[in-house]
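*Asks:* just to be clear, the model below is a prediction. Sequence and coordinates:
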Amino acid sequence: DSITATDIGAFPDKSVAEALQRVPGITVTRFAASDDSSHFSAEPSGVLIRGLTQVRTEFNGRDSFSADGARGLNFADIAPELMSRVDAYKNQTADMIEGGIAGTVDLRTRLPFDSKGQVLSISLKGNYGDISKKSTYDYSGLYSNTWDTSLGQFGLLADYANSHVITATNGVIMGRIATICSAGYADSNGNPIVNADGSIPCTATPYGGSNWQYMPSNVTYSSNSYDRNRHGSALALQWRSNDRSVQATLQYNDSYYQNKWSERTIEPWFDDLWAKPAFNPVTSSRTAEAASGTPDLVFGADGMLQSGQIAQHSDYWGAGTDPTNPDNNMNHASIAPGVPFMAGCYDWSTGCSPTQMGERLDTTGRIFDRREGTQDLSFNLKWDVNDRLSTNFDVQYIKASQNSYDIMLSPHTQADIVYSTDGDGVPEASFAPDAGNNYASGFLGNMHNWYYGFVQDHHDHSTANELAVRADAEYRFGGGGWLDSLRVGVRRAE
């Protein structure tokens, strides 16, 4: 299947990946990275063929890649204005470079001999993000010409494209769902009881239910801003003999891509299920219970949590006043000296109150800056030796580089989670002080009621290069026999 430059220009596609989604059997991922389902993206980040991700990318029938750790080219690197057509192969043939388990996508840039005579094209596009409330612009220009001389036909093409897009996404992500049951799900040996239909029974829950109940372990509310810049250039020279038996093509392609994005999140937690087994019934309400003086938690007919003001039992963290003890909770937040941020009222304590404290509440601020580029220089020679024998010789040098910096800061605090869901079941949350926490004035608006959970930064720089040579020949037998033609080839890449 193929899409041409005319097809690409007929739709407001911002990238090659967006254009490819119009080909039957091809879908795109709308995440910032194909392995990161928690960050949405206004532009596709990858391509799937028949639902599989192992897609090989080629540039003009040659190997191509980005220096980002993946096997193929980042489709966001390539300006769609540079394309003559995009070919999608869902099945491998023997003359194709190996590696496309799901399929191969071949990006074909324009060449001078695609058009006869002089061609001049200039385009200008405008973009507006309805969430980011930002306007940006794209522009591109192409010049191509061919000349017929006594030495043969010559062609020259130069193409440049620049694109700038500012987008934003907002997301609500429910974490792993806690399955809640305190009785009836296991036999006397502790093994799960599995009914004939595959279900597991439940006769009681810590919240007073008589069947399975559910709540998210956490809910993440996120707001992301993306600032993407991309420019690409292509230069091609061609020569063809007057008898059209020999054709030479020299091509240079250069692409550069930068994506800067920032993220802000707020994340209330009800339970920590990190690294817990797949079957892990929650048998106690200690990590998520109705805050003192508030109604019981409400669960829907399907067992999912619907509403409630949620706190946790106060023996979750250690108590103490010894400043040399790293387990005490004295200095987690910088409130009044000598006053612990969290009440230390254990089960075995007597005459103390309150027995609850706020749920864990995390926030994050993150800045990410990624820059990558790919340069490709290639030469191709086609020679029709006679009516039956054709040869093709190709040499290519490609290099790629990538730089990225990522830093994230996560302040934490504790508060009651006032939880509810809207008509579509989307979680909504607000926050209230808990009597088990000693806050400085101003509650969440005062930085002294927060402590740093972690600071995480990451920097990487990657480079890659390849030199490849290839020779192919085809012999056509003719005569209408059962054997029509034979093709052979050899390729070396390092």
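*Replies:* Structure's in. What do you need?
*Asks:* pull up the pairing partners for the longest strand anywhere in the chain, direction included.
*Replies:* For the chain, the strand that runs over the most residues, judged by DSSP state E, is strand 389-421. Strand pairing for strand 389-421, determined by DSSP bridges: strand 305-313 (antiparallel), strand 359-384 (antiparallel), strand 427-432 (antiparallel), strand 451-476 (antiparallel).
*Asks:* buried residues in the shortest one?
*Replies:* Going back to what we said before, that points to strand 427-432. By 16 or more other Cβ atoms under 10 Å, the buried positions in strand 427-432 come out as 427, 429, 431. Every C-beta, even on glycine, is put in place using the N, C-alpha and C of the backbone.
*Asks:* just to revisit the earlier point, for the strands paired with strand 389-421, give me JSON lines that also has distance to Val86 and mean pLDDT.
*Replies:* Below are the strands paired with strand 389-421 laid out as JSON lines (distance: least, Cβ to Cβ, whole Å; pLDDT from 0 to 100):
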{"stretch": "strand 305-313", "distance to Val86": "47", "mean pLDDT": "94"}
{"stretch": "strand 359-384", "distance to Val86": "16", "mean pLDDT": "95"}
{"stretch": "strand 427-432", "distance to Val86": "40", "mean pLDDT": "97"}
{"stretch": "strand 451-476", "distance to Val86": "21", "mean pLDDT": "93"}
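*Asks:* count of neighbours near Gln414?
*Replies:* By other Cβ atoms under 10 Å, the residues close to Gln414 number 28.
*Asks:* check contacts around it.
*Replies:* For Gln414, the contact set (Cβ atoms under 8 Å, 6 or more residues apart in numbering) comprises 341-342, 357-361, 434, 437.
*Asks:* looking at these, state which has the most neighbours.
*Replies:* Most neighbours among the contacts of Gln414, by other Cβ under 10 Å: Met357, with 28 neighbours.
*Asks:* what comes into contact with stretch 305-312?
*Replies:* With contact meaning Cβ under 8 Å, 6+ apart, stretch 305-312 is reached by 213-216, 270, 286-292, 294-300, 356-360, 416-421, 432, 434, 436.
*Asks:* repeat that with 7 Å
*Replies:* 214-215, 270, 286-291, 294, 297-300, 356-359, 416-421, 432, 434 (Cβ atoms under 7 Å, 6 or more residues apart in numbering).
*Asks:* can you check stretch 378-392 too?
*Replies:* Residues from elsewhere that reach stretch 378-392, judged by Cβ under 7 Å, 6+ apart: 60, 62, 245-251, 393-396, 472-476, 478.
*Asks:* quick check: which ranges of this structure have low pLDDT?
*Replies:* Scanning the chain for pLDDT under 70 picks out 8-11, 33-35, 69-72, 315-332, 336-338, 343-352.
*Asks:* and the helices in it, which stretches?
*Replies:* Assigned by DSSP state H, the helices in the chain fall at 5-9, 16-20.
*Asks:* do you know which of the ones you listed lies nearest Leu377?
*Replies:* Using Cβ to Cβ as the measure, helix 16-20 is the one of those that comes nearest Leu377, at 20.7 Å.
*Asks:* which elements pack onto the closest one?
*Replies:* strand 26-29, strand 46-49, strand 83-89 (3 or more Cβ pairs under 7 Å, 6 or more residues apart in numbering; DSSP states H and E).
*Asks:* partners of the first one, with directions?
*Replies:* If I follow you right, that is strand 26-29. In the sheet containing strand 26-29, the strands it pairs with under DSSP bridges are strand 46-49 (antiparallel).
*Asks:* restricting to C-alpha, output the partner strand in PDB.
*Replies:* Extracted in PDB, the C-alpha atoms of strand 46-49 (Å, rounded to 0.1, in the frame of the first residue of the first chain):
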ATOM      1  CA  GLY A  46       4.800   5.300  16.400                       C
ATOM      2  CA  VAL A  47       3.200   3.000  13.800                       C
ATOM      3  CA  LEU A  48       1.700  -0.500  14.200                       C
ATOM      4  CA  ILE A  49       1.100  -2.800  11.300                       C
END
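*Asks:* contacting residues for the residue lying closest to Arg286 once chain neighbours are set aside?
*Replies:* Beyond its immediate neighbours in the sequence, the residue positioned closest to Arg286 (Cβ to Cβ, 6 or more residues apart in numbering) is His313, lying 4.1 Å away. Counting by Cβ under 7 Å, 6+ apart, His313 touches 286, 289, 355-356.
*Asks:* His313 bridge partners, please.
*Replies:* Taking DSSP bridges, one obtains Gln356 as the residues bridged to His313.
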